[in-house]
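>>> predicted model, plus sequence, below.
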Amino acid sequence: MSMNKNSSEMDTGRRHFLAAMGGVGMLIGFSGTAYAIRDDKVYIKSSGGALVVDLKKCMGCGTCMTTCSLVHHGKASLSLSCIQIEQDVFKPFPQDIQMSTCLQCHDAPCVTACPVNANKASEDFDFVRDIDPDKCIGCMQCIEACPHTPSRVQWNPTTRCAQKCDLCLNTPYMEEQGGIGGVQACRRVCPVGAIAFITELPEQSLPQNYVVNLRNENWAKSGKTIED
Ligand code: SF4
Ligand code: SF4
């Protein structure tokens, strides 16, 4: 699924799931977001955590996607999921699976693109990059700004706002506390443990740095290899 601007509700008939600061000059506060300014660039404080995935474990069941939309929106919709799983049956293992999660980028182009500071990294929430739907004006600039394909910011056609992974910070339909230090629903429900949470972000915001080996002895007991 590409930019998600034209996302439709779940198509159950398809198996293709629609799925640094060195040499800092100074720090300033800006509507709850801390920025460090160096030369002509703006840096945002790093998120306190992010999700990592194991492409060799994921079987494309989509449980994480439906759970994501359930805990955030109270309904099962693949289009409203912040984590997106795509499967291409014509590609060989493990290239047949793409797990698209927000990388919680150090420089977060989606945050800096937002003209009204609705897409933000708040000090109160460990600088998780998330979107305030009450502030969002639906300009889609953050969707365009995310450098990854598919964009890790989705368009919500119901609210007409952008949305993105908040590590389950704002989950009105989940009893447990989400966010950093809490539960991330996708990680909790994945039946094969293909998603994990880390607090030390990779050096660079490259998708391949967020692909890890989560296979353990239990995985080996099922007759599958645990080596990369
Ligand atoms: S769509 Fe909303 S969150 Fe994204 S840049 Fe526009 S106002 Fe900001
Ligand atoms: S939505 Fe995209 S640009 Fe924003 S933090 Fe996530 S991966 Fe980075």
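Noted; the coordinates are in hand. Just so you know, these numbers come straight off a predicted model, no measurement behind them. Ligands and ions are numbered 1, 2, ... in the order given.
>>> and the helix ranked longest in the chain, how far out from the chain middle?
Ranked by residue count, the top helix of the chain under DSSP state H comes out as helix 63-73. Relative to the chain's own centre, helix 63-73 is displaced by 13 Å; criterion: C-alpha atoms, centre = their mean, to the nearest Å.
>>> for the next helix-or-strand element following it, C-alpha coordinates in PDB please.
Going down the chain from helix 63-73, the next helix or strand is strand 84-87, by DSSP states H and E. The C-alpha coordinates for strand 84-87 follow below in PDB (Å, rounded to 0.1, in the frame of the first residue of the first chain):
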ATOM      1  CA  GLN A  84       1.800  -2.200   7.700                       C
ATOM      2  CA  ILE A  85       2.600  -5.700   6.600                       C
ATOM      3  CA  GLU A  86       2.800  -6.400   2.900                       C
ATOM      4  CA  GLN A  87       3.300  -9.800   1.400                       C
END
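>>> state the mean pLDDT of the helix or strand following strand 84-87.
Downstream of strand 84-87, the first helix or strand assigned by DSSP H and E is strand 97-100. Strand 97-100 shows a mean pLDDT of 96.
>>> can you dump the C-alpha atoms of the helix or strand that strand 97-100 is followed by in CSV for me?
Sequence order places helix 109-113 as the next helix or strand after strand 97-100, per DSSP H and E. Listed next in CSV are the C-alpha coordinates belonging to helix 109-113 (Å, rounded to 0.1, in the frame of the first residue of the first chain):
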residue,chain,number,x,y,z
PRO,A,109,11.1,14.8,8.7
CYS,A,110,7.4,14.3,9.4
VAL,A,111,7.7,16.4,12.5
THR,A,112,9.7,19.2,10.9
ALA,A,113,7.3,19.3,8.0
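>>> can you list contacts of the longest helix of the chain?
Residues outside helix 63-73 that contact it (C-beta atoms under 8 Å, 6 or more residues apart in numbering): 10, 17, 19, 75-85, 163, 165, 168, 170-174, 178, 185-191, 195. Bear in mind the C-beta positions are built from the backbone N, C-alpha and C, glycine included.
>>> and the residues you listed, which of them are buried?
10, 17, 19, 76-85, 163, 165, 168, 170-171, 174, 178, 185-190, 195 (16 or more other C-beta atoms under 10 Å).
>>> distance of the spatially most central residue of the chain from ligand 1?
Geometric centre of the chain, nearest residue: residue 102, 2.7 Å, by C-alpha atoms, centre = their mean. Using C-beta to the nearest ligand atom, to the nearest Å, residue 102 is found at 13 Å from ligand 1.
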